[in-house]
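Asker: curious how this folds, go ahead:
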Amino acid sequence: MSERGASLQVKGLESGYGRVGVLRGIDIEVHAGELVTVIGANGAGKSTLLKTIVGFVSATAGSVFVDEIDLTRTSPERAVGFGVSLVPEGRMLFGPMTVRENLELGAYSNAGRGDTSITHDLERVYDLFPVLREREGQSAETLSGGEQQMLAVARALMSRPRVLLLDEPSLGLAPKVIDEIFDALDGLRSQGLSILLVEQDAKLALKHADRGYVMRTGDVVLSGAAEELLADDDVRLIYLGKWHGKDDER
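Answerer: I've put the predicted structure just below:
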C-alpha cells in the first residue's frame, strides 16, 4: 500500500457508450490524502465516471490527471501502473482461485518488486481485514458477500495505489460488515491514501467523507464539504431523483 496519496483532477470529462453520452463536462478533484464521495440517484453516471477515469470507458472530451501525470484515455493497466486502482461494483473476483491467489494477482503491476515485498503487503492487508488471513486458502467464491468485498478492496491495495476508487462498496452488505469496511477506509485515509468513493447510501458516504459531489444525469449539480451537503435539503431531493432548482417551488 502506498505511503503517500496523490491528487486527482478531473476536468470537463465526457464519455458514454457508443452514441449514448453519459458524462457531460464533469469537474472533480481529490486532494492528496482526502476521502471524497460522489453520490446521486441510480443512472446519474457515477459508475461511468470511475470507469472513465481508469480507462474502461474512453473519454470523448476533458482530462484526467494524477499529480502531473496525464491519464486521459488511458488503459486500466496503465492507470494501475501510475497508482490508480478501482474496486468495481460486483467485485469481479476470480471465484475458483484462493484468497491469497486473488491478492497476489492484485500485485501483478509490481511483479518486479520481489517476494519479500509482496509478503509484506499481504501482511498489511491481512492486518486490515483479519478474516482474510483466516480464509487465505479458501476459494473466493465460497466467501460471504462481506468477505468478498473485503477481498476486493484488499486486492486493489496490493498494487500500492496512491488513489483508490471504490464503486458501491456497501451494496448488499450487512450493517456490521459495512462498518468494518468504512472503518478500514477511514484508516487508509488517515495513512495518506487518496480515496474517491461512489456510494448509493448518501448519508453513510457523507459521514465518512471530507468533501462530496452530487451527480444527476451526467452532471455535477452540488459540491461542498461533507457536513454541509449532509445538512442540505437538495441532497435528499437529488438522491431521490427529484431535483428542483433554487427558484422552483417545493
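Asker: got the CA coordinates for the helix or strand containing Ala61 in PDB?
Answerer: Assessed by DSSP states H and E, Ala61 sits inside strand 59-66. Extracted in PDB, the C-alpha atoms of strand 59-66 (Å, rounded to 0.1, in the frame of the first residue of the first chain):
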ATOM      1  CA  ALA A  59     -13.300   9.800 -22.600                       C
ATOM      2  CA  THR A  60     -14.600  11.800 -25.500                       C
ATOM      3  CA  ALA A  61     -13.600  15.100 -24.000                       C
ATOM      4  CA  GLY A  62     -11.900  16.500 -20.900                       C
ATOM      5  CA  SER A  63      -8.800  15.400 -19.000                       C
ATOM      6  CA  VAL A  64      -7.800  13.200 -16.000                       C
ATOM      7  CA  PHE A  65      -4.500  14.000 -14.200                       C
ATOM      8  CA  VAL A  66      -2.900  12.200 -11.200                       C
END
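Asker: now that strand: average pLDDT?
Answerer: Mean pLDDT, computed over strand 59-66, is 96.
Asker: for stretch 185-201, list every residue counted as buried.
Answerer: 185, 188-189, 192-201 (16 or more other C-beta atoms under 10 Å). For glycine as for every other residue, the C-beta is placed from the backbone atoms N, C-alpha and C.
Asker: same check, this time on stretch 56-66
Answerer: Buried-residue list, stretch 56-66, by 16+ other C-beta under 10 Å: Phe56, Val57, Ala59, Gly62, Val64, Phe65, Val66.
Asker: packing partners of the helix of greatest length in the chain?
Answerer: Ranked by residue count, the top helix of the chain under DSSP state H comes out as helix 175-190. Contacts defined by 3 or more C-beta pairs under 8 Å, 6 or more residues apart in numbering; DSSP states H and E place helix 175-190 against strand 35-40, helix 115-128, helix 145-157, strand 194-198, helix 202-208.
Asker: least confident of these, on average?
Answerer: Note on the helices and strands packed on helix 175-190: helix 115-128 shows the lowest mean pLDDT, a mean of 86.
Asker: buried ones in the following helix or strand past that helix?
Answerer: Following helix 115-128 in sequence order, the next helix or strand is helix 130-134 (DSSP H and E). Buried residues in helix 130-134, counted by 16+ other C-beta under 10 Å: Val131, Leu132.
Asker: which strands or helices does helix 130-134 pack on?
Answerer: Applying 3+ C-beta pairs under 8 Å, 6+ apart, we find helix 130-134 packed against helix 115-128, helix 145-157.
Asker: rewinding a little: tilt between the longest helix of the chain and helix 145-157?
Answerer: Here helix 175-190 runs at an angle of 20 degrees relative to helix 145-157 (axes from the mean of the first three to the mean of the last three C-alpha atoms, to 10 degrees).
Asker: let's test this: mean pLDDT of helix 175-190, rounded?
Answerer: In this model, helix 175-190 has a mean pLDDT of 95.
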